[in-house]
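Participant: Give me a model of this one.
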Amino acid sequence: MSSEMEDMDSEGPTIQELGIQFSGLLIHIQERVTILYRRIQKRVLQTAILVCVLLLLLWVAIFLYGSFYYSFMPTANFITPVHFYYRTDCTSSHHSICSFPMANFSLLRNGKKQVMTYGQPYQITLELEMPESPANEQLGMFLVKMYCYSYKGQTIDTAARSTMLHYRSSLLQSLNTVMFSPLLMMGATEQKQYILVELYSSYIDNSYKPTVGAVIEIHSQQVQIYKAQVYIHAHFSGIRYILYHFPMASAVVGVLSNFTFLSVLILISYLQVALGGIWPNQQVGKWNKERQGRADIPEATDQYERNIHPEDNSTVTKTHLLDASVMGPSDIKAYSSGKMEESILDTGVEDNVETNGSRGLAEEQYVSEARNEETYLKLRFLSEGLPDVSTDPTDKAYYRTGTCLSS
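Facilitator: Next comes the predicted model:
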């Protein structure tokens, strides 16, 4: 029985092994959950940044459109009350009004900003609220005159229009009075007429003499007026007509256009900074090519050394190349003379290749040879205790010539 239990224990995994596997599984699950949490956190952060950028772009687009609309669109409508006055110091006792009713009003908003924009046509209309009194009915036609003046009081333009009350027969007035008698008795309505006098159909302000005010004069001493108002309405054309008559569609198109332009600008800037630009740069390619050429110089030097010396002396040769302090003066001279001869032979061979090859390949070979000679000169001057050629301001060609002559 005990042997059977031992066989069963030997066949199945032990509790310790199960614990190790379970702990490994828990660690694996924890790592996966941590990675998933970091990914979700990164995505949420990226989404929040993107939403903030989009909201900022939308706000900037709305601000730009509002600034454009405010600066481009002139005042569309302007209404101002007109208060008439007249002289009463008459010498005759038969007339209490000694002059025509006159009114002076300003065309400046808040006393500073001009109402009318230069080059924009405006329609100027005078509205008179007149009672249907016997005096006005007997008045007939009367004249309304308007004078526009500048800062210095100079008269810029003058307009004169005639008008009168609308005719209504006595029968029509009687029927109207009977029908609206309850409203008339309660004071909800009155027997009056609104007379519109169009003084200017297309008035354009002069930029050299801007209009700052106007004077309206009614050429009648018997006229009776409840109140009067001046309406100034702008006649738009082109883009201003679309912006004024279709404000919602214009706002949507303008904001979307600004948002698209800003989005493209931000996208191009991001690609230029984060990804190194959209279009390839010739200077970057040239720099990478030069960097690759510089990295190939040590490999070419090692290959050159391996071709000169046998395989059995390769270790000694590498030791001499790496540590110049081990080499003696005689070894350096013998090594330098042999290396210089082979360098001269290689130079002759490369000159022949240069005449037959392309110009770009010959220049790269010449640079490689010059680097090999500089390496040799550094080794030699280091062993003899002389200053380095690369730090000496003297011309390097002088040392090369001297080395060739001495060898």
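Participant: Check the secondary structure at residue 202 for me.
Facilitator: The three-state assignment at residue 202 reads strand, by DSSP: H, G, I helix; E, B strand; the rest coil.
Participant: thought it was touching residue 122?
Facilitator: Yes: in this structure, residue 202 is within contact of residue 122 by C-beta atoms under 8 Å, at 7.4 Å. All C-beta spots, glycine's among them, are computed from the backbone N, C-alpha and C.
Participant: Quickly list what's touching both of these two.
Facilitator: Common contact partners of residue 202 and residue 122 (C-beta atoms under 8 Å, 6 or more residues apart in numbering): residue 235.
Participant: Which of those two has more residues huddled nearby?
Facilitator: Taking other C-beta atoms under 10 Å, residue 202 and residue 122 do not tie; residue 122 has more neighbours (24 against 10).
Participant: Just to be sure, that one is in a strand?
Facilitator: Yes: judged by three-state DSSP, residue 122 forms part of a strand.
Participant: Contacts only, for it.
Facilitator: Residue 122 is in contact with 116, 200, 202, 203, 204, 205, 232, 233, 234, 235, counting by C-beta under 8 Å, 6+ apart.
Participant: Any idea what it is bridged to?
Facilitator: Under the criterion DSSP bridges, residue 122 forms beta bridges with residue 203, residue 234.
Participant: Distance check, it against residue 20.
Facilitator: 92 Å (C-beta to C-beta, to the nearest Å).
Participant: what's the answer for residue 141, then?
Facilitator: Between residue 141 and residue 20 the computed distance is 115 Å (C-beta to C-beta).
Participant: Please identify which of the two sits among more neighbours.
Facilitator: Counted by other C-beta under 10 Å, residue 141 and residue 20 do not tie: residue 20 has more neighbours, with 12 against 9.
Participant: Could you check how many residues crowd around residue 114?
Facilitator: Neighbour number of residue 114 under other C-beta under 10 Å is 15.
Participant: coming back round to it: for the contacts of residue 122, pick the one with the most neighbours.
Facilitator: If you rank these by neighbour count (other C-beta under 10 Å), residue 116 sits at the top with 24 neighbours.
Participant: Can you name the residues that contact the residue nearest to that residue when sequence neighbours are not counted?
Facilitator: Using C-beta to C-beta, 6 or more residues apart in numbering and skipping the chain neighbours, the partner closest in space to residue 116 is residue 205 (4.4 Å). Under the criterion of C-beta under 8 Å, 6+ apart, the neighbours of residue 205 are 114, 116, 117, 118, 119, 120, 122, 211.
Participant: Ok, residue 222 next?
Facilitator: By C-beta under 8 Å, 6+ apart, residue 222 lies in contact with 97, 135, 139.
Participant: sec struct for it, please.
Facilitator: Under three-state DSSP, residue 222 comes out as coil.
Participant: gap between it and residue 110?
Facilitator: Noted for residue 222: a distance of 37 Å to residue 110, by C-beta to C-beta.
Participant: Would you map the helices across this structure?
Facilitator: Along the chain, counting by DSSP state H, helices occupy 2-11, 15-72, 134-139, 170-179, 181-186, 239-245, 247-274, 282-308, 314-322, 329-356, 359-384, 396-406.
Participant: Could you give the number of residues near residue 145?
Facilitator: Around residue 145 there are 17 residues (other C-beta under 10 Å).
Participant: meant to ask about residue 244, not that
Facilitator: Residue 244: 15 surrounding residues under other C-beta under 10 Å.
Participant: list the contacts for it?
Facilitator: Contact analysis of residue 244 by C-beta under 8 Å, 6+ apart lists 73, 76, 236.
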